[in-house]
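>>> following is a predicted model, sequence given first.
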Amino acid sequence: MAKLGHDVPLVPPGLVREIVITTARVLLFTVVIVLGLLPLPYVPKTRTDVEILIAIFLAIWGLIFIFVFRWQLQRIKRAPHPQTQMIEALLVIFVLFLAIFAKVYHIMSLANPHTFSEPLSYFSAFYFSMTVLSTVGFGDIAPLTMIARTITMLQMALDFVLLGVAVRIVSGAATRTLEARRIADDDQ
């Protein structure tokens, strides 16, 4: 292992292993999220049924999102390297957020292929969700109905919350954990 001098390692012991494990967990969690949201046993046919299904879906997955968010904050507090866990938490939170909206867009497109400028597969719905988050807006997929535009605007508003508040909360948890450990080490 490379040294900085005076036998101080360039990379803290165990960090490379933790990064590899964290990467594997993020990939596994991404696969579970994407595959878990993929099946749709019921495709609504009426506008009212679509709106009810979306409202129920968002309520349930909104609660799951809050649970995962809180769980990730707890994991940061217990992690040997809180910064690595912070990165994992942010990736997991963003993937879950995008997947939830992707599924909503997919449901709307299955119920009415003319909801967007083109019918959306789950993959293209995920792509659209990502372009909305990134504010790139290529223009290749556009919401055409009022409900699609409403949900897209909801995602846009929540994107700002996610980018501002969520990142601050997660990074703050890592910073507080490191500071608490530094104080505890200084006291010993």
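Done, it's in.
>>> and the gap between the residue nearest the centre of the chain and residue 133?
Nearest residue to the geometric centre of the chain (CA atoms, centre = their mean): residue 94, 1.9 Å. Distance from residue 94 to residue 133, counting by CB to CB, to the nearest Å: 8 Å. In short, each C-beta sits where N, CA and C put it, glycine included.
>>> now swap in residue 65 and tell me
14 Å.
>>> related to what we said a few turns ago, can I assume the residue nearest to the centre of the chain sits in a helix?
Yes. Judged by DSSP: H, G, I helix; E, B strand; the rest coil, residue 94 forms part of a helix.
>>> just the pLDDT at it, thanks.
According to the predicted model, the pLDDT of residue 94 comes to 91.
>>> and stretch 124-140, what's buried?
For stretch 124-140, the neighbour count (16 or more other CB atoms under 10 Å) marks 124-129, 132-133 as buried.
>>> repeat for stretch 116-126
For stretch 116-126, using 16+ other CB under 10 Å, the buried residues are 116, 120, 122, 124-126.
>>> export those residues to CSV and tack on pLDDT and secondary structure?
CSV is the format used below for the buried residues of stretch 116-126 (pLDDT from 0 to 100; DSSP: H, G, I helix; E, B strand; the rest coil):
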residue, pLDDT, secondary structure
116, 95, strand
120, 92, coil
122, 87, helix
124, 93, helix
125, 93, helix
126, 91, helix
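>>> and those residues, which is closest to residue 70?
Distance to residue 70 across the buried residues of stretch 116-126 (CB to CB) is lowest for residue 126, with 24.5 Å.
>>> how close does the closest one sit to residue 174?
Using CB to CB, residue 126 is found at 28 Å from residue 174.
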